[in-house]
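Q: Predicted structure and sequence below. I'll ask about it afterward.
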Amino acid sequence: KFEMVYGFTPIVYRLRGEFWSVNRLPMTILKPFEYSDVQTALQTSCYFGWLVVSALLYYKKYKQCHIVNDEAVDDAAGNADDDANNNKSNNNNDHHDVDVAASSSFGDGEEEA
């Protein structure tokens with residue numbers, strides 16, 4: 001709509017043929033989505049500008065995701081090492097805690113000789 005107000009920029013290319021015409025089916029269905037059979041310099045520069053900005057934002061988000069993921073992996077590895085050390089110290093003390101119910105014999109209460 002800027003071109004209607006400030007004047008049209010040069011035409012980059014025009015799609016020829018009845019199929020591509022904005023006034024005929026099936027391409028007239030795309031007109032509400034700003035389809036045009038004529039591409040101007042402003043439309044082309046806006047498209048490629050949007051494409052570059054989108055790619056840069058995607059790359060920034062991609063790098064942030066990997067930084068967070070790397071930190072999570074490092075934290076998980078550190079926690080795994082801490083857990084392994086805690087389990088070793090707990091295993092040394094496990095022989096003192098004997099479960100009485102597990103060590104009792106099953107049956108009618110008589111002990112085997």
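A: Received, thanks. As the structure is a prediction and not an experimental result, all values here were calculated from the model.
Q: Flag the shaky bits of the chain, pLDDT-wise.
A: 1, 77-113 (pLDDT under 70).
Q: could you redo the last one with a cut-off of 90?
A: 1-40, 42-44, 63-113 (pLDDT under 90).
Q: how about the strands in it?
A: Along the chain, counting by DSSP state E, strands occupy 11-14, 38-40.
Q: Could you export the ones you listed to a markdown table, including columns for mean neighbour count and distance to Asp74?
A: In short, each C-beta sits where N, CA and C put it, glycine included. Converted to a markdown table, those look like this (neighbours: other CB atoms under 10 Å; distance: least, CB to CB, whole Å):
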| stretch | mean neighbour count | distance to Asp74 |
| --- | --- | --- |
| strand 11-14 | 11 | 50 |
| strand 38-40 | 15 | 49 |
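Q: Quick one: these as CSV, columns for distance to Tyr62 too.
A: Shown next, in CSV, are these (distance: least, CB to CB, whole Å):
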stretch, distance to Tyr62
strand 11-14, 31
strand 38-40, 30
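Q: Looking at those, which is nearest to Val5?
A: Each of the strands of the chain has some distance to Val5 by CB to CB; the shortest is strand 38-40, at 13.8 Å.
Q: who touches that closest one?
A: Strand 38-40 is touched from outside by 3, 8-15, with contacts defined as CB atoms under 8 Å, 6 or more residues apart in numbering.
Q: ok, those residues vs Cys65, which is closest?
A: For these, the nearest to Cys65 is Val12 (36.4 Å; CB to CB).
Q: Verify the contact between the closest one and Thr44 for me.
A: Yes. Counting by CB atoms under 8 Å, Val12 does reach Thr44; the two are 5.2 Å apart.
Q: State the distance from Thr28 to Thr9.
A: Separation of Thr28 from Thr9 (CB to CB, to the nearest Å): 24 Å.
Q: And Tyr35, by the same measure?
A: 18 Å.
Q: hmm, back to that, of all the strands of the chain, which one comes closest to Val22?
A: Val22 sits nearest to strand 38-40 of all those, at 8.3 Å, using CB to CB.
Q: Quickly run through the sheet partners of that closest one, with directions.
A: Sheet pairing of strand 38-40 (DSSP bridges) gives strand 11-14 (antiparallel).
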